[in-house]
Each structure stands twice: as C-alpha cells, then as structure tokens.
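# need a 3D model of the following:
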Amino acid sequence: MAAAKQHVPLTPGRVKAFRYNSSSRDIRWDTSPKAPGSGFGLRIYPSGKKAYVLQYRPRQLVEESTSQLKDVRRKVRLVVIGAVDKMDLSTARTKGLELLLEIQEGINPKYDAPVENQTLGEFVPTYLKIKTEQGVSETWLYDIERRITKHLLPRFGNEHLTAIKRSEVFKLFMEIGSGGASGDPSPIEANKVLTRVSNIYREAEICGAVPKGTSNPTRLIKRFERISRKRFLTDKETKRLYPALATEKSWHTPVVIQILLHQGMRKQEVLGLRWQDVNLDRVSGRDCAPPHLFVGQTKNGTPLHSVLSPQMIDLFTHLTEFRTSEWVFPSPKKPGCRIADIKDEWRGIREEAGISDVNIRDLRHCVGTWLGRLNHTELMVGRILNHRTQSVTERHSLLPNETKEEAVAQLADWIQHLVGPPILRSPATA
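Numbers count the residues shown, from 1 in each chain. Have a look, this model is predicted:
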C-alpha cells in the first residue's frame, strides 16, 4: 500500500474519504489556495475520528518592547479547530483564518486542544505523555502502562470518556479484588487500578479531553481496606529456598531473588535495572560514593540509591561477563526489551521450597526484619529500603552512604553464614 500523501488540496470529498494511515500523527496538510496558511490541515485519529487543526508558532514581545511581536523559534503548537462531524471544511478554514489573525496579535489559542468526547484508547497516549513529562520514574510508568493495558483498555478502550459508567468501573474493581475469572483475589491491585482511573479523569479534565465538571466514575467507590502483611522467611525457610534457587532452570530468576533478599528493592526496580544504573566502583565526591545501584528518583527529583555489599558486587561483576544488552536482565524473546516478570518461575520455586504463601513483596519485608535482628534502627531500615518517610524528623535525618554500606555488608555476611555465598548464574549455564 502506497504511503498516504501528507500535503494535498482538501475537498469535502477527500475529507470524507481519508482513512487513518497508522502513523503516530496522521495529518493531511491543506495545499488549496483557499487554505488559511500552510499550517491548516485535517487530523485523523486511530479511531477514525477526524478534526480540522491548525499548526502555528506562538508570538511574544520583543525584549524591551511593549508592542513589537516576534515568532518564538523552535516552538510549534497544534490547536484543534473542530471535529469534522460538527463543522464543514469552509467553516473550518474561516475559523482557522480568524485564529491566525489572533495569533499575529499575540493571542495564543489553547495548546493541543483535543477532539471532544475522546475514547479512553484515544486519550491514553496523551495521558502517558503527561505522566512522562511529570517526571515519573520508568518503573512507575511501566506499572501505569501495564495496568491500563491489562485492565482498562480491554474493557473501556473503545468507550468515550464521558460514557464510562460508575457501575461498570465498580464491576471491574470488584472482579479484580475478588479474583473473578482468575480466581486470584487482588484487592491491592484493584485499589491501584481505581486510583489510575481517577487520575486519568483528573488529567483529562485539566487538558480539556472531557468537559469541565465531568463526573469522575470512581467517585463514591470505597476502596478495599489494606491489611498489612508481616510475612517474612524464617531461618529454616530461607535454608530451603536456596537449594530451590540452585535447581531453577531459568538463569535470571535466582539472581533476581538474591538481589531482592540482599538489597530490599522492589521487584520492578530490579527487573528494570540498566547497566548504566550499576556502579561497582567507589568514586569520591559522587552523590553516592560507595558501589551502588541507581534505583530512580523521588517525585521531587531526589536520587535513590541502593548500596551494594561485597557479595552483591561479586554477583554483578560475574554478570558483566555475559552482558549483551543495556538491560541487566534482557528478554530472551524480545530483542531490546527487558524481562517483564518472574511470577511463573517464582511460583515453582515457592512450591519446591515449601513456602507457597510467600510473595515477592515479602522478600522486602525479610530485609527489614533481618536488619532489625542485627540491631539496626528503624531509620536505617527505612533508608536502606528507600521508604517514603512521613515524619519531619525522618525526612531531614541524614545517614551517610558509608553507614548504610556497613549495614548491608553486615546483612550479606549474615545471609552467607546462613545459606552460603551467592549462587552465581548466567545465561550460558541456564
């Protein structure tokens, strides 16, 4: 199929006949003499919806001038004039010309104004772009996109944002929380999906994807009460776990589990590690001088580090010999991607070790519990686990990275005394 021409004289017949060409932004620019400038065109969305748009450069006052305007260089904006099903081509051209005259006077129309009544599927790319620009971490962004793709798009992807009913959201919420067809109740996941829906509608109203005052379909839905788990591995269970890790067929899962037990990181933080995040040397004057893993950033931009013990340095040094990707744990099936999850492998390991009720998050509890057994303070535990501290005292209490290094080294020595040195695995031995 020939590529669609992007510069054509628009006519009512062509506007009606055009179809989406699968490009990230399908816009047919109007070259007709009747067009109000070269920035007027027709945008076609993946859903088939069409809208007249105007691309322009905003204008601002020349320095030290109260009246002279100039174009802002390297800044191009796009405004939607109107949906095709609500406006004919002639009217759109007239409105486009009016907008251009306003722009010349320094009056800028709303940036990236969306077509009214978008579907959830149409709004998701905009939403993900907003979250990226807000600076959310890659791990967080991955979780956001995963939940949207897994739970929301299959159910509501083709529904208009203004048409999604509270009863439908509540039904999905209860299915996830109670287990539904999967038979695996997940109230925490249900709560997080509900929070994501609420945030989507908040951002949609802010950027004008839904009319002001549109009812948020999560309103009045009561979230599941969170019951705190205090499960951690006993010494006997830990001793049973390591032989199960040694016999696991996959090379990456035993490595990931050991990192979790030594570092107290979150699963996706480990799976999302790039080699650029791994610092095995000691550099004086660096944000974190000791060997460490860069975990990400807090919402306010503060970098988070996980200091490494000598045992973990040895483990990562071993892995560098088999480095084939930017990812520490590259996907064996999708080149350029990382391993997405280890839940299936972890299920088999748990059954082999006789700890079927232990989930991945409990391994993080193990680190906190074990550090407590080694007489480390709650503040130290919180800093090593990169907890979000609540009290003002904790937020402003600093601990040198060298002090944290001593604590993780002590923990690693305790684990080694219990189960032996780290199990070194590689793709070549899997």
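# show the end-to-end separation of stretch 245-261, please.
12 Å (C-alpha to C-alpha, to the nearest Å).
# err, stretch 172-189, not the other one
For stretch 172-189, the separation between the terminal residues is 11 Å (C-alpha to C-alpha).
# what residues sit buried inside that stretch?
172-173, 175-177, 186-189 (16 or more other C-beta atoms under 10 Å). The C-beta positions use only the backbone N, C-alpha and C, and glycine is treated the same way.
# same thing with stretch 157-169?
Buried residues in stretch 157-169 (16+ other C-beta under 10 Å): 160-162, 164, 169.
# how about stretch 334-353?
Neighbour counts using 16+ other C-beta under 10 Å place 338-339, 342, 345-346, 349-350, 352-353 of stretch 334-353 among the buried residues.
# for residue 42, state which of those residues is nearest.
Closest approach to residue 42 among the buried residues of stretch 334-353 (C-beta to C-beta): residue 338, at 38.9 Å.
# pLDDT weak spots in the stretch 51-200 of the chain?
Scanning the stretch 51-200 of the chain with the threshold set as pLDDT under 70 gives 59-75, 106-117, 180-183.
# residue ranges of the strands in it, please?
Assigned by DSSP state E, counting those that start in this stretch, the strands in the stretch 51-200 of the chain fall at 59-61, 69-71, 77-83.
# just the stretch 251-400 of the chain next, same as before
For the stretch 251-400 of the chain, applying DSSP E, counting those that start in this stretch gives strands covering 278-279, 292-297, 303-307.
# what's the closest of those to residue 30?
Closest to residue 30 of the strands of the stretch 251-400 of the chain, according to C-beta to C-beta: strand 292-297, at 43.6 Å.
# partners of that closest one, with directions?
Here strand 292-297 has these sheet partners by DSSP bridges: strand 278-279 (antiparallel), strand 303-307 (antiparallel).
# what number of residues lie near the closest residue in space to residue 259 that isn't next to it in sequence?
In this structure, residue 259 finds its nearest non-sequential neighbour in residue 270, 5.2 Å apart by C-beta to C-beta, 6 or more residues apart in numbering. When neighbours are defined as other C-beta atoms under 10 Å, residue 270 has 25 of them.
# that older thread, sort out for me which of the buried residues of stretch 157-169 are in helices.
residue 169 (DSSP state H).
# possible to save the buried residues of stretch 157-169 as a markdown table with distance to residue 147?
What follows is the buried residues of stretch 157-169, written out as a markdown table (distance: C-beta to C-beta, whole Å):
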| residue | distance to residue 147 |
| --- | --- |
| 160 | 21 |
| 161 | 17 |
| 162 | 22 |
| 164 | 16 |
| 169 | 13 |
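# and which of the buried residues of stretch 157-169 is nearest residue 212?
residue 162 (11.9 Å).
# so the closest one touches residue 210, yeah?
Yes - using C-beta atoms under 8 Å, residue 162 is in contact with residue 210, at 5.7 Å.
# which residues touch stretch 160-170?
Outside stretch 160-170, the residues that touch it by C-beta atoms under 8 Å, 6 or more residues apart in numbering are 117-120, 123, 155-156, 194, 197, 201, 204, 209-211, 214-215, 217-221.
# any of the residues you listed buried? List them.
Among the contacts of stretch 160-170, those buried by neighbour count (16+ other C-beta under 10 Å) are 118-120, 123, 156, 194, 197, 201, 204, 209-210, 217-218, 221.
# tell me the one of those nearest residue 365?
Nearest to residue 365 among those, with distances taken as C-beta to C-beta, is residue 194, at 24.8 Å.
# and the closest one, how close does it get to residue 202?
Between residue 194 and residue 202 the computed distance is 13 Å (C-beta to C-beta, to the nearest Å).
# go on, residue 37?
Taking C-beta to C-beta as the measure, residue 37 falls 35 Å from residue 202.
# so those two - more neighbours on which side?
residue 37 (15 against 11).
# isn't that one right up against residue 96?
Yes - the criterion here is C-beta under 8 Å, and residue 37 meets it with residue 96 at 7.4 Å.
# hey, what's in contact with both of the two?
In contact with both residue 37 and residue 96: residue 54, using C-beta under 8 Å, 6+ apart.
# of all the strands paired with strand 292-297, which one comes closest to residue 101?
Nearest to residue 101 among the strands paired with strand 292-297 is strand 303-307 (48.3 Å), distances taken as C-beta to C-beta.
# how about residues contacting that closest one?
Counting by C-beta under 8 Å, 6+ apart, 263-265, 269, 287-288, 290-298, 384, 386, 401, 404-405, 408 sit against strand 303-307.
# in it, what counts as buried?
Buried residues in strand 303-307 (16+ other C-beta under 10 Å): 304-307.
# and for stretch 245-264?
So stretch 245-264, judged by 16+ other C-beta under 10 Å, has buried residues 245, 248, 250-264.
# now do stretch 286-302
Along stretch 286-302, these residues count as buried under the neighbour rule (16+ other C-beta under 10 Å): 288-296.
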